[in-house]
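> for reference, the sequence and a predicted model appear below.
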Amino acid sequence: MKNILAFGASSSLNSINKQFAKYSSDQIPSSKTNLLDLNDFEMPIFSIDKQKESGIPDEAKNFKNYIYNSDAIIISFAEHNGSYTSAFKNVLDWVSRIERIVWCGKPMLLLSASDGERGAKLVLETAFNRIKRENTETLFKFSLKNFHSTFDLEKGILDAQLNKMYRSVLADFINVI
Ligand SMILES: Cc1cc2nc3c(=O)[nH]c(=O)nc-3n(C[C@H](O)[C@H](O)[C@H](O)COP(=O)(O)O)c2cc1C
């Protein structure tokens, strides 16, 4: 049984990215999902001075433990102003102070979803290019545009061509877990 760590890189209560991350994790056979909510990892806005003053918050250490204890990671990124959401960036900054290699080289499926035509591709590329520096072999990505018309919680991706691309990326990811 593989342990999949999954989360939407967003703090929205009804995050479409959380839904997409969970759906994707549910597609992986013989696996158990740990679905995180970034609201459980709310910390002061990172600064080097706050770290010197009070150290690294427990929430960041807990988050890192989830990474250590996983066999693979799925993140679906929301895009805010062309980049990471503040909620994700703050977790990333704090966790990166524990150890330089944030994601421990685990196999990763990076997703993004938005309601627009571009499918939050900018943030997906940013994340992919950054994580590629620590993982060149087991890193995969897929972006889903027009979420509310292309996705159904039970049926999955409704557009046949998009679904074919998604299934192919998912199969590559499953192969390396
Ligand atoms: C402050 C803010 C900035 C946003 N900027 C972008 C953006 O740059 N690109 C984009 O595709 N969508 C943008 N959106 C729309 C989000 O993609 C949309 O809210 C989406 O539902 C976020 O994902 P989530 O539901 O997982 O939080 C923005 C939304 C907010 C609230």
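Received, thanks. Numbers count the residues shown, from 1 in each chain.
> stretch 18-35: which residues count as buried?
By 16 or more other Cβ atoms under 10 Å, the buried positions in stretch 18-35 come out as 18-25, 28, 31, 33. For the C-beta atoms, the positions are set from N, CA and C on the backbone; glycine is no exception.
> in CSV, list those residues along with pLDDT and distance to Ser143.
Formatted as CSV, the buried residues of stretch 18-35 follow (pLDDT from 0 to 100; distance: Cβ to Cβ, whole Å):
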residue, pLDDT, distance to Ser143
Lys18, 98, 16
Gln19, 97, 15
Phe20, 98, 10
Ala21, 98, 13
Lys22, 97, 17
Tyr23, 97, 15
Ser24, 98, 13
Ser25, 98, 17
Ile28, 97, 19
Ser31, 96, 23
Thr33, 97, 21
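> which of those fall in strands?
When DSSP state E defines the strands, the subset of these inside them is 31, 33.
> roughly how far apart are Val169 and the ligand?
19 Å (Cβ to the nearest ligand atom, to the nearest Å).
> that residue contacts Leu124, correct?
No. Using Cβ atoms under 8 Å, Val169 is not in contact with Leu124, being 11.8 Å away.
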